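**Q** Model the following, please.
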Amino acid sequence: GQCLNALVYQGFLKIWDLTYDMNGRQGGSALRYFIDGVSRNCIDCIRVNENPRQAKVSLKHKKIAHPFILVFITAASIFIAEALVMMVLPFIKGISPVYEGTIDALLLTVLVFPVLYLFLFRPMISVIRSLSEAEDELQMANEELEARVAIRTSELAWANDSLKKEMEERVKIEGDLRDSEKRYRCLLEDMNDAAFLADAETGRITDANRSAEMLLMRTREEIICMHQSGLHPEGKSMWYRRIFREYKEIPQGNIDDMEVVRKDGRVVPVTISSAPVTIAGRQFLIGLFRDMTERKRLEEELRRTAMT
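**A** The predicted structure is shown next:
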């Protein structure tokens, strides 16, 4: 750690001072450059140890140098270390070749190992650790993404099934409505009485059958959107509006002695049978108008016959 780096740094400086004193001059520029590089690396390591979080970030983003540079550093460190050992060994006298070789190997190992650790092993270990952490993070992100995709897929499948069921129900309802409308239209058209369907809130006529066209001598297009009071004599419109409001609340009602006005202005006596109905959630009032002209004529003839 910090102590080992400082020790290596001081050791290199002592060796440099010894070499300088022995030769009486500064060492080669390559040697001085090597020692300066080691010292800077030691100082960086000391700073890193002072701030562990910054150390983690710096190690995570640290890259391994080019292989040629690594080989050069290895060869240069071995060469310089061996040169330093050869400079130191002459000062040690009276030892056998075996001890001399042992000291040579020991000093070479002590001098080379810190350099290889600082420039090769440590960056390589940090990069391997960073790659391992990145792989773990990628695996976690992949698992999280797969979990989200699975959840989203299940949600989409559920939404798709719900939408499919809703569409099937809507198609069924539309089919039922078409069938109901068809039956309603057939029933309405087969009636002998004139039939009018009016909105219970506005009093506007929304539908009529062929008998209604014949009674009023108007087309269905002309009848639709007329107000129900427009079917009756103009002077009695307010009275017919009041009757309409009363009978839309009655389950079933029959009104005699009513009148409607044809397109040509002729007044026709009718009887009205009414009943409230609900269609598509809206309230309507259906009225069946029966032409009483022929009946009134027969009643008048009978009255005349009785009087004579």
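
**Q** so where's the protein shaky on pLDDT?
**A** 1-67 (pLDDT under 70).

**Q** one more time with 50
**A** Within the chain, the stretches with pLDDT under 50 are 1-35, 38-39, 42-62.

**Q** Which parts of it are strands?
**A** Here the chain has its strands, by DSSP state E, at 194-199, 205-208, 253-261, 267-279, 282-291.

**Q** Make JSON lines from the ones you listed and add mean neighbour count and distance to Ala157 to it.
**A** For every residue, glycine as well, the C-beta is placed using N, CA and C. Below are the strands of the chain laid out as JSON lines (neighbours: other Cβ atoms under 10 Å; distance: least, Cβ to Cβ, whole Å):
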{"stretch": "strand 194-199", "mean neighbour count": "22", "distance to Ala157": "44"}
{"stretch": "strand 205-208", "mean neighbour count": "20", "distance to Ala157": "43"}
{"stretch": "strand 253-261", "mean neighbour count": "15", "distance to Ala157": "55"}
{"stretch": "strand 267-279", "mean neighbour count": "16", "distance to Ala157": "37"}
{"stretch": "strand 282-291", "mean neighbour count": "18", "distance to Ala157": "37"}
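
**Q** could you dump the ones you listed to a markdown table with distance to Asn142?
**A** Listed next are the strands of the chain as a markdown table, based on distance: least, Cβ to Cβ, whole Å:
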| stretch | distance to Asn142 |
| --- | --- |
| strand 194-199 | 62 |
| strand 205-208 | 62 |
| strand 253-261 | 75 |
| strand 267-279 | 58 |
| strand 282-291 | 57 |
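
**Q** quick one: which of those is nearest Ile151?
**A** strand 282-291 (42.8 Å; Cβ to Cβ).

**Q** mind pulling up the phi and psi values for Met217?
**A** phi 60, psi 40 (degrees, to the nearest 10).

**Q** What residues does it make contact with?
**A** 262-264 (Cβ atoms under 8 Å, 6 or more residues apart in numbering).

**Q** make it 10 Å
**A** Contacts for Met217 (Cβ atoms under 10 Å, 6 or more residues apart in numbering) come out as 262-264, 266, 268.

**Q** and the longest helix for this structure?
**A** helix 122-189 (DSSP state H).

**Q** quick one: that one to strand 194-199, angle?
**A** 150 degrees (axes from the mean of the first three to the mean of the last three Cα atoms, to 10 degrees).

**Q** how far out from the middle of the chain is helix 122-189?
**A** 10 Å (Cα atoms, centre = their mean, to the nearest Å).

**Q** just checking, what packs against it?
**A** helix 52-61, strand 194-199, strand 205-208, helix 210-216, strand 267-279 (3 or more Cβ pairs under 10 Å, 6 or more residues apart in numbering; DSSP states H and E).

**Q** same thing but 8 Å
**A** helix 52-61 (3 or more Cβ pairs under 8 Å, 6 or more residues apart in numbering; DSSP states H and E).

**Q** So for the chain, which residue is the most central one in space?
**A** Computing the C-alpha centroid of the chain and ranking residues by Cα atoms, centre = their mean puts Arg152 first, at 8.8 Å.

**Q** OK, contacts around Asn160?
**A** For Asn160, no contacting residues are found, by Cβ under 8 Å, 6+ apart.

**Q** still on that earlier bit, between the longest helix of the chain and strand 282-291, how big is the angle?
**A** 20 degrees.

**Q** Relative to Val98, how far out is Thr271?
**A** As for Thr271, its distance to Val98 is 141 Å (criterion: Cβ to Cβ, to the nearest Å).

**Q** quick one on the thing from earlier: compare the strands of the chain and report which one is nearest to Thr219.
**A** Closest among those, using Cβ to Cβ: strand 205-208, at 9.4 Å.

**Q** Direction included, what does that closest one pair up with?
**A** strand 194-199 (antiparallel) (DSSP bridges).

**Q** Would you mind writing the CA trace of the partner strand as PDB?
**A** Provided in PDB are the C-alpha atoms of strand 194-199 (Å, rounded to 0.1, in the frame of the first residue of the first chain):
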ATOM      1  CA  ALA A 194    -100.100   6.200 -37.700                       C
ATOM      2  CA  ALA A 195     -97.200   5.900 -35.300                       C
ATOM      3  CA  PHE A 196     -95.000   8.800 -34.100                       C
ATOM      4  CA  LEU A 197     -91.900   8.600 -31.900                       C
ATOM      5  CA  ALA A 198     -91.100  11.800 -30.000                       C
ATOM      6  CA  ASP A 199     -88.300  12.700 -27.700                       C
END
